[in-house]
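A.B. asks: Model the structure of this input:
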Amino acid sequence: MTKTDHILLLAGTFEARQLAKQLSARFRGSRLTASFAGVVKDLPDLDVPTRTGGFGGVAGLSSFLCAERVTLVIDATHPFAAQMSRNAADACAALQLPLIRLERPVWTSLPGDTWRHFDTMQAASRALPQGARAFLAVGRKEIRHFTPRDDVYGLARMIEAPPQPLPAGWDLVLQRPSQSAFEEADLLRNHGITHVVTKNSGGGRAYAKIEAARRLKLPVFVIDRPQLPEAETAADIEGILEKARFLTDQTGS
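C.D. replies: All right, here's what the predicted structure looks like:
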């Protein structure tokens, strides 16, 4: 790549933070811009130029890519940020720009686990039995699909408070997931949890709750990932960097 090249990093995950550092170090001749959707206010400082907020759909993103002369897009958004990933795929395809998407390996059940898979939050909410005490690791926007269930108890964990109040008697924990299965098991045990509800986010940083549910022999309601367009993908940071380096070599040849 030349000094005029510009990498757009669609951020929003822990891996994106690491990528920002690695890309800055490995592609010193290129511009790097990180973009956050702005859903969470407490954003990390990536020590690179950063923009916050939506682009305005495929058309807005395409305009940004052209105006900023972006030559490579790296999609390191959350696996459930489906609309952003779809917009990125469509815009890059239209402009014939290379796109690399981070796709963490999905979580899979082990022998002895009791998992139920759902396509939507609504389906998972409806399936909770009356009187269930559910640990809801679904995010601040998606919690609204569960709040109508006034016949169950909910323990909701998220980084920032949801826009609407939770039902009376529910509990809210404002923190990032622990990486300790022992701590997660204590949390579930102390609140008398009978069901764990989670997105299949994949990766290792939020897996401890799955291990905790396994230790406590709790059923897990898993919301499966949305379908995304085909794209060049990598399962981890090193994979992204390797593919980016390959594209660099191809561009410079």
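A.B. asks: Run through the strands of this structure in chain order.
C.D. replies: 6-10, 31-36, 50-52, 72-75, 99-102, 115-118, 133-137, 153-158, 171-174, 195-199, 220-223, 232-234 (DSSP state E).
A.B. asks: which residues does the closest residue to residue 172 other than its chain neighbours contact?
C.D. replies: Once flanking residues are discounted, residue 172 sits nearest to residue 156: 5.3 Å by CB to CB, 6 or more residues apart in numbering. Heads up, the C-betas are built off the backbone N, CA and C, glycines and all. When contacts are counted by CB atoms under 8 Å, 6 or more residues apart in numbering, residue 156 touches 136, 138, 143, 146, 162, 166, 170, 171, 172, 173.
A.B. asks: of the residues you listed, buried ones?
C.D. replies: The neighbour-count test (16 or more other CB atoms under 10 Å) marks 136, 138, 143, 146, 162, 166, 170, 172 as buried among those.
A.B. asks: Report how many residues lie close to residue 91.
C.D. replies: Neighbourhood size, residue 91 [other CB atoms under 10 Å]: 24.
A.B. asks: Surely it and residue 57 touch.
C.D. replies: No: Residue 91 is not in contact with residue 57 according to CB atoms under 8 Å; the separation is 9.0 Å.
A.B. asks: Could you report the pLDDT at residue 39?
C.D. replies: On the pLDDT scale, residue 39 is placed at 67.
A.B. asks: Ok, residue 203 next?
C.D. replies: If you check residue 203, the pLDDT there is 88.
A.B. asks: cool, and the one 10 residues further on?
C.D. replies: Residue 213 is assigned a predicted lDDT (pLDDT) of 98.
A.B. asks: okay, now it: neighbour count?
C.D. replies: Residue 213 has 24 nearby residues by other CB under 10 Å.
A.B. asks: ok, for the residue positioned nearest the centre of the chain, nearest residue in space, not its chain neighbours?
C.D. replies: The chain has residue 78 as the residue nearest its centroid, 2.0 Å off, counting by CA atoms, centre = their mean. Nearest non-adjacent residue to residue 78, counting by CB to CB, 6+ apart: residue 12, 5.3 Å away.
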